[in-house]
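Student: here is my input, please return the structure:
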Amino acid sequence: MDFLLIMLVVLGIILLISLIVLIVRLNFTLSKVDILLEDVQKKMNTVNKAFEVVDKVTNSVSLINDRMVDTVASFVSKLFHFGKKKVDQKEEEF
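Tutor: A predicted model of the protein is given here:
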């Protein structure tokens with residue numbers, strides 16, 4: 001009976017030591033992952049700034065394009081309405 005108790009205590013000590021070693025290795029691994037994530041975060045901030053610049057330029061170009069289209073559309077609309085006004089004036093004269 002003493003042999004079985006001694007065997008359980010020895011296996012428990014071995015299990016405890018292996019768990020401590022595993023926790024220490026896990027701690028080192030997590031610190032490396034933390035450093036890696038910080039580096040990725042810095043790079044993402046840099047890329048995010050670039051995307052913000054591209055977004056602002058795209059919005060500006062879109063605004064300019066919309067104004068040009070509105071100007072052309074109003075010009076074409078005025079041409080067609082101007083022609084109708086001349087036709088209406090000629091019909092009123094008769």
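
Student: distance check, the spatially most central residue of the chain against residue 41.
Tutor: Nearest to the centroid of the C-alpha atoms of the chain, with distances taken as Cα atoms, centre = their mean, sits residue 48, at 7.4 Å. For residue 48, the distance to residue 41 under the criterion Cβ to Cβ, to the nearest Å works out to 10 Å. C-beta: built from backbone N, CA, C; applies to glycine.

Student: just residue 67 next, same as before
Tutor: For residue 67 relative to residue 41 (Cβ to Cβ), the value is 39 Å.

Student: got it, and residue 8?
Tutor: 48 Å.

Student: how about residue 53?
Tutor: Here the distance between residue 53 and residue 41 works out to 19 Å (Cβ to Cβ).

Student: number of nearby residues for residue 49?
Tutor: 10 (other Cβ atoms under 10 Å).

Student: can you give me the helices for this protein?
Tutor: Under the criterion DSSP state H, the chain contains helices at 2-93.

Student: what about it, any weak spots by pLDDT?
Tutor: Low-confidence segments of the chain (pLDDT under 70): 82-94.

Student: mind doing that once more with 90?
Tutor: Of all residues in the chain, those with pLDDT under 90 make up the ranges 1, 3, 45-46, 49-50, 75-94.

Student: give me the number of neighbouring residues for residue 67.
Tutor: The local packing of residue 67 (other Cβ under 10 Å) involves 10 other residues.
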